[in-house]
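Q: the following comprises the amino acid sequence and a computationally predicted model.
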Amino acid sequence: MEDQNMNSDEENKSSGDKEFVEKREDASKNMETAVTDSPSEIIDTSSAEIAVAAEVTPVTSEQTDTPAGLSQPNLQPTSDATVPTVERPPREPINIKIIYNKKKYDHFIDINCTILELKCDIEKLTGVPVATQKVMYKGSTQDTQTLKQLKVSKSANKFMVIGSTMDDLLKVATPDIKAANSSGAGTATATSKEPLCKQTVHKKVLDKHGKPEDVAVGIKGAALPLPNTPLSGMYNKYGGKTRLTFKLDSDELWIGTKERTQKIKMPSIKDIVSQPIEGHEDYHIMGIQLGSTEASKYWIYWVPAQYINAIKDTALGKWGEF
C-alpha cells in the first residue's frame, strides 16, 4: 500500500515538473518574440519622427529674433528707393559794410548766412574773436538769424561790431607799470574831485528839475543791450526833455529835443563819461564829448544805469568795460 502511494506521488511530481518545464519554455519563446519585435517598432517610430522632422522648415537666427505674429521687415533697399536731400537756398551774394572801431570794411556774403557765420568772417577781417563780438543791425542780433531774416538790403547794409581783439585784452591784463607810476599824481587829483552830482553845475540842474516822471526804470548793476526804441524821458542841462536814437545804418547818434534833433556822426564822438547819481544809483549823469574841450560835452541827466555800457559800446565802437 505504501509502495502504491509512493509511486503515485512520484507520478504527480513528474507531471508537475513537466508542466513547469513547458511553462518555462513558453515564457522563453514569448521573451524571444518580444525582443525580436521591439527593434522593428523602435525603428518604425524613429523613421516616422525623422520623416516629420524632414518636413519642418529650418528656423533661421533672424526668425528667432522676431516676435510671434510679426513678420520680419525687408530691410534691403529697393531699386526705386531714393535718399531725400536737403536743398540749401541758392546763393544770393550781397555787399555789406562792417563798422568796427571807427573803421569800415566792405564785405560780400550770402544773404542766407547766419549772424554766427558773419561773425566768423568778421574775426578774419578785424581780429576780434567770435566769442567777444556783439553785432548790431538796427538793434541787437541773434546768432541764429540770417541776413535775409533781418531784411538786409543794398540800401540798409551796415553792421556795427563791438568787441576787443586779443591784443587789446592782453594789454588790459598786463598794464604799463611805468605809465601808471608817472600818472599817479594826476590820478590822485582826478579821484579827489567831487562826484558829478555834487558839482555845482550839475547839482543845480538836479535840484531844479528833479527826477523825470516818464523816465524808464533804472536797474543798478545791470548791463542790458540797447532797446529797439529810442531812449527817452531824460533831460539836458537846460531841463529840456531829451531822447537818444542810434541810427546804425547811417552810423549816427541822434540827440532829440522838443526844439531840434542833432545828428552826430558816431566816429566824431571823442569820449563818453558817466557817474551814478547819489541816492539814485540806478540812474547816471552822462556826458558825450563832441569836441576837444570840456565845454563841448553834451550832458544828459537820469540815464538808466543798465544802458550806460551799451551806449558807450555803440557810440565808441568798442567795449566800454575794456
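A: Looks like it arrived, so ask away.
Q: use CA for all of it now, contacts and neighbours both
A: Will do.
Q: and the end-to-end length of stretch 104-117?
A: For stretch 104-117, the first-to-last residue distance is 19 Å (Cα to Cα, to the nearest Å).
Q: let me know the average pLDDT across that stretch.
A: Stretch 104-117 carries an average pLDDT of 94.
Q: what about residue 257, distance to residue 297?
A: 16 Å.
Q: same check, this time on residue 291
A: 7 Å.
Q: residue 144 now?
A: Taken as Cα to Cα, the span from residue 144 to residue 297 is 39 Å.
Q: and the closest residue to residue 317 other than its chain neighbours, what does it touch?
A: In space, residue 317 comes closest to residue 101 once its chain neighbours are excluded; the distance is 4.6 Å by Cα to Cα, 6 or more residues apart in numbering. By Cα atoms under 8 Å, 6 or more residues apart in numbering, the contact list for residue 101 reads 161, 162, 316, 317, 318.
Q: mind listing the strands for this structure?
A: 93-100, 103-110, 134-136, 158-162, 231-236, 241-247, 252-256, 261-265, 271-277, 280-289, 297-304 (DSSP state E).
Q: pull the CA atoms of the first one into PDB?
A: Listed next in PDB are the C-alpha coordinates belonging to strand 93-100 (Å, rounded to 0.1, in the frame of the first residue of the first chain):
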ATOM      1  CA  PRO A  93      25.600 137.400 -52.500                       C
ATOM      2  CA  ILE A  94      25.200 140.900 -51.100                       C
ATOM      3  CA  ASN A  95      27.700 143.700 -50.300                       C
ATOM      4  CA  ILE A  96      27.600 144.800 -46.700                       C
ATOM      5  CA  LYS A  97      29.500 147.300 -44.700                       C
ATOM      6  CA  ILE A  98      31.100 146.300 -41.400                       C
ATOM      7  CA  ILE A  99      32.000 149.100 -38.900                       C
ATOM      8  CA  TYR A 100      34.400 148.400 -36.200                       C
END
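Q: that one versus strand 103-110: what angle between them?
A: Relative orientation of strand 93-100 versus strand 103-110 (axes from the mean of the first three to the mean of the last three Cα atoms, to 10 degrees): 150 degrees.
Q: one more: the longest one?
A: Orientation check (the same axes, to 10 degrees): strand 280-289 against strand 103-110 gives 100 degrees.
Q: run through who's touching strand 280-289.
A: Here strand 280-289 has contacts from 196-197, 218-221, 269-277, 296-306, 308, using Cα under 8 Å, 6+ apart.
Q: just the buried ones among these, please.
A: 196-197, 218, 269, 272, 274-277, 297-306, 308 (16 or more other Cα atoms under 10 Å).
Q: surely residue 257 and residue 245 touch.
A: No: applying Cα atoms under 8 Å as the test, residue 257 and residue 245 come out as separate, 11.3 Å apart.
Q: distance check, residue 216 against residue 143.
A: From residue 216 across to residue 143, the span is 28 Å (Cα to Cα).
Q: I misspoke; the intended subject was residue 287.
A: Between residue 287 and residue 143 the computed distance is 32 Å (Cα to Cα).
Q: between these two, which one's more packed in?
A: residue 287 (19 against 13; other Cα atoms under 10 Å).
Q: dig out what that one forms beta bridges with.
A: As for beta bridges, residue 287 partners with residue 273, residue 299 under DSSP bridges.
Q: just put the strands of the chain in TSV and tack on distance to residue 121.
A: Formatted as TSV, these follow (distance: least, Cα to Cα, whole Å):
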stretch	distance to residue 121
strand 93-100	10
strand 103-110	9
strand 134-136	12
strand 158-162	12
strand 231-236	31
strand 241-247	23
strand 252-256	24
strand 261-265	26
strand 271-277	28
strand 280-289	32
strand 297-304	34
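Q: just the helices in the chain please.
A: Using DSSP state H, the helices found in the chain span residues 2-55, 61-64, 115-126, 166-173, 177-182, 184-191, 200-209, 308-316.
Q: ranking the ones you listed by mean pLDDT, which is last?
A: Among those, helix 184-191 scores lowest, with a mean of 41.
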